[in-house]
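Visitor: Okay, sequence plus prediction incoming.
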Amino acid sequence: MSVPKVTALLEGSPAATAGFRVGDELLSLNGEQPRDVIEYQQLVDGARLDVVVRRPGSPLDTRISVHKEVGEPLGLEVSAAVFDRVRTCDNHCAFCFIYQLPKGMRRSLYLKDDDYRLSFLYGNFTTLTRFTELDAERVITERLGPLFVSIHATDPAVRASMLRNPRGATSLRWLRVLLEAGIEVHGQVVVCPGVNDGPVLEDTMLGIFDEYPALATVGVVPLGLSRFSHEPDMRPHTTGEADAVLDTVARTQDLCLDALGRRLIFASDEYYLMAGRSFPAAEAYEGYPQHENGIGMVRAFEAAFEGDPGSAHGVRPGFFAWVDGAPPDGYRARRATPSARGAAGAPVAILTGAFGARVLTPLVEGREGVRVLEVENRYFGGTIGVAGLLTGTDVAAVLESEPDGQRYLLPDACLSKGVFLDGRHVEELPRSVEVVPTDGLSLRRALETVPAHA
């Protein structure tokens with residue numbers, strides 16, 4: 001079991017005043033060794049804190065006492081979210097994106113977790129196949145919600161087959177336990193054509209309505225396929241299949257509206273793009289509770305871009321957010337500080353993926369000197385078209401042939417502390433870019449120096 005290690009100190013904070021240093025290892029806090037940052041936060045929340053510290057270069061442990069107001073932030077950042085071992089996933093889903101990663105990426109990206117603590121902290125989806133009675137007791141006692149649970153199918157045999165784990169047939173019992181205890185839980189169904197779509201999806205939608213109506217929301221999303229997938233049964237949706245998924249979700253929404261007074265189940269934006277359908281009205285997303293899962297993101301982006309500050313949602317910053325450089329406040333925290341703007345009036349190119357290009361192009365039409373620069377995701381290939389999975393390799397390839405003297409706007413969703421998923425740094429790109437938070441209001445502000453077409 002590792003221990004928390006101090007990685008940053010806030011100047012003038014109780015921690016800095018008490019004498020903590022970057023690099024200190026926190027061996028115990030008030031006599032306890034926290035298992036994760038959840039317990040750590042509970043321990044440092046009080047007015048008095050006694051800490052045993054192991055300091056690099058010192059042969060003896062150091063004791064530090066802190067006196068502060070109850071609830072006052074301690075003022076230091078620690079090295080990880082989990083100090084004991086991360087609970088890894090023992091499922092073998094054919095659609096798992098981690099199995100579809102190319103070799104040679106950062107080692108941490110290949111870690112496959114199924115840890116309810118990371119679900120609580122960062123919004124990772126857990127299947128509950130490794131969930132235990134002790135876990136349930138802790139979640140319920142400490143009210144660790146919201147949690148995010150992968151459902152995929154309510155038929156036990158189908159779910160076990162999809163997870164390639166016999167415990168998949170029974171682990172949704174923990175979902176019922178959590179819901180009955182009043183824990184907020186959001187669900188997800190990843191739809192794989194020919195596996196859990198069609199009648200299976202209809203059965204799943206009705207199963208959720210019948211058995212788990214207390215779920216806060218359920219997102220229905222398509223599988224993502226990279227060119228490195230080795231699963232012969234996994235394939236992209238056809239336009240007709242995307243249409244059918246949207247029809248099934250719409251019928252279930254109507255049922256839920258009548259019985260529950262809310263829609264409960266929502267389809268991802270990708271389905272509307274694949275089917276060539278218009279997106280639902282903004283109010284149909286009921287406050288965008290699954291925004292970070294790519295549901296309602298387009299409508300929220302449009303509203304914020306058009307000047308509605310109440311719709312300026314941030315986005316989940318790409319995949320694997322918790323593994324490398326995850327912000328202390330979780331995935332909803334802003335990931336990158338906007339960089340300095342280029343010269344006012346210079347032509348602007350907005351870098352984005354294939355899906356983003358289809359959304360942004362009509363938004364910026366009529367703005368003189370503004371264009372959308374689509375980056376094809378050749379690195380991952382397949383059906384991958386989201387901005388959060390852009391790599392430095394592909395962005396560099398596009399910028400290589402672009403002229404100097406223009407402003408290039410890059411969404412922060414594809415970066416972790418200035419680094420792309422493929423390990424390339426933003427400073428290594430062949431043209432200077434401006435990193436812009438991935439929301440409509442931030443893009444609008446970044447374009448304010450560019451005159452709109454009269």
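Guide: Ah, there it is.
Visitor: Strands along the stretch 151-300 of the chain, start to end?
Guide: Secondary structure of the stretch 151-300 of the chain (DSSP state E, counting those that start in this stretch): strands located at 185-191, 217-222, 265-267.
Visitor: so of the ones you listed, which one's packed in deepest?
Guide: Highest mean neighbour count of the strands of the stretch 151-300 of the chain: strand 265-267, a mean of 27 (counted as mean count of other Cβ atoms under 10 Å). Glycine gets a C-beta too; all of them are placed from N, C-alpha and C.
Visitor: mind listing what it pairs with, with the direction of each?
Guide: Here strand 265-267 has these sheet partners by DSSP bridges: strand 217-222 (parallel).
Visitor: and the closest residue to Val249 other than its chain neighbours, bridged to which residues?
Guide: Spatial nearest neighbour of Val249, chain neighbours left out: Ala267 (4.4 Å); criterion: Cβ to Cβ, 6 or more residues apart in numbering. Taking DSSP bridges as the rule, Ala267 bridges to Val220.
Visitor: in terms of contact, does Ala267 touch Asp243 like I think?
Guide: No: look at Ala267 against Asp243 with Cβ atoms under 8 Å: they stay out of range, at 11.0 Å.
Visitor: Tell me, domain by domain, which residues of the protein belong where.
Guide: For the chain, automatic domain parsing gives the domain ranges 6-78, 98-295, 348-446.
Visitor: and these as a markdown table, adding distance to Glu302 and mean pLDDT?
Guide: As requested, the domains of the chain are exported to a markdown table (distance: least, Cβ to Cβ, whole Å; pLDDT from 0 to 100):
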| stretch | distance to Glu302 | mean pLDDT |
| --- | --- | --- |
| domain 6-78 | 35 | 92 |
| domain 98-295 | 8 | 95 |
| domain 348-446 | 6 | 94 |
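Visitor: Turn those into TSV, columns for distance to Asp308.
Guide: Formatted as TSV, the domains of the chain follow (distance: least, Cβ to Cβ, whole Å):
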stretch	distance to Asp308
domain 6-78	32
domain 98-295	9
domain 348-446	8
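Visitor: who wins for proximity to Arg87 among those domains?
Guide: The closest of the domains of the chain to Arg87 is domain 98-295. By Cβ to Cβ, the value is 4.0 Å.
Visitor: so how far does that closest one reach from one end to the other?
Guide: From its first residue to its last, domain 98-295 covers 22 Å (Cα to Cα, to the nearest Å).
Visitor: Run the chain-centre distance for that domain.
Guide: Distance, stretch centre to chain centre, for domain 98-295: 14 Å (Cα atoms, centre = their mean, to the nearest Å).
Visitor: remind me, longest helix of the chain?
Guide: Looking across the chain with DSSP state H, the single longest helix is helix 239-260.
Visitor: Show residues contacting that one.
Guide: Outside of helix 239-260, the residues within contact range by Cβ atoms under 8 Å, 6 or more residues apart in numbering are 191, 193, 197-198, 201-202, 205-206, 208-209, 213, 220, 222, 237, 262-267, 271-272, 274-277.
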